[in-house]
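[1] quick one, fold the following:
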Amino acid sequence: MPRWTCGIDGCDAGFDDVESAIVHQTNGHQRHECKVCGTIVPDGYFAIRHAFDEHTRAEFVRAYDADSAAVRRREEIKREIEREADLQRVVDQLDRSP
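    Numbers count the residues shown, from 1 in each chain. Next up is the predicted model:
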């Protein structure tokens with residue numbers, strides 16, 4: 001059974017490694033426009049990373065009408081991915097994508 005699931009808009013595509021899940025999210029789904037600053041980023045992990053690396057938690061809560069549980073959930077997803085992912089491998093795979 002795949003360990004990683006996409007999760008974007010109900011997508012249940014499963015992957016054995018996190019890097020493949022991130023590549024799928026980047027190439028298989030529409031881009032996301034940040035509601036805080038308007039930057040266009042890939043949806044999924046990269047959107048979460050952008051939100052929490054570039055903006056404050058308060059900005060995220062206001063822009064997305066989120067609550068503390070939503071913030072904690074996304075922070076946990078980010079931590080779990082960054083604990084396991086070889087992000088250079090993700091970049092290499094994306095560079096090779098058509």
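[2] would you agree Val41 falls within a strand?
    Yes: Val41 sits within a strand when classified using DSSP: H, G, I helix; E, B strand; the rest coil.
[3] that one - how many residues pack around it?
    18 (other Cβ atoms under 10 Å). All C-beta spots, glycine's among them, are computed from the backbone N, C-alpha and C.
[4] and if you look at Asp53?
    Number of residues near Asp53 (other Cβ under 10 Å) recorded here: 8.
[5] next one: it from Cys37, what distance?
    Remark: distance between Asp53 and Cys37 (Cβ to Cβ, to the nearest Å) = 12 Å.
[6] also Gly28?
    Distance, Gly28 to Cys37, using Cβ to Cβ: 24 Å.
[7] between these two, which one's more packed in?
    The residue with more neighbours, out of Gly28 and Cys37, is Gly28; 15 against 12, by other Cβ under 10 Å.
[8] correct me, but the more buried one touches Ala13?
    Yes: at 7.3 Å, Gly28 and Ala13 qualify as touching, with contact defined as Cβ atoms under 8 Å.
[9] got any residues that touch both of the two?
    Residues touching both Gly28 and Ala13 by Cβ atoms under 8 Å, 6 or more residues apart in numbering: Cys6.
[10] list the contacts for Lys44?
    Check again: residue 44 is Gly, not Lys. Neighbour list for Gly44: Cys6, Gly7, Ile8, Ala21, Ile22, Gln25, Thr26, His29 [criterion: Cβ under 8 Å, 6+ apart].
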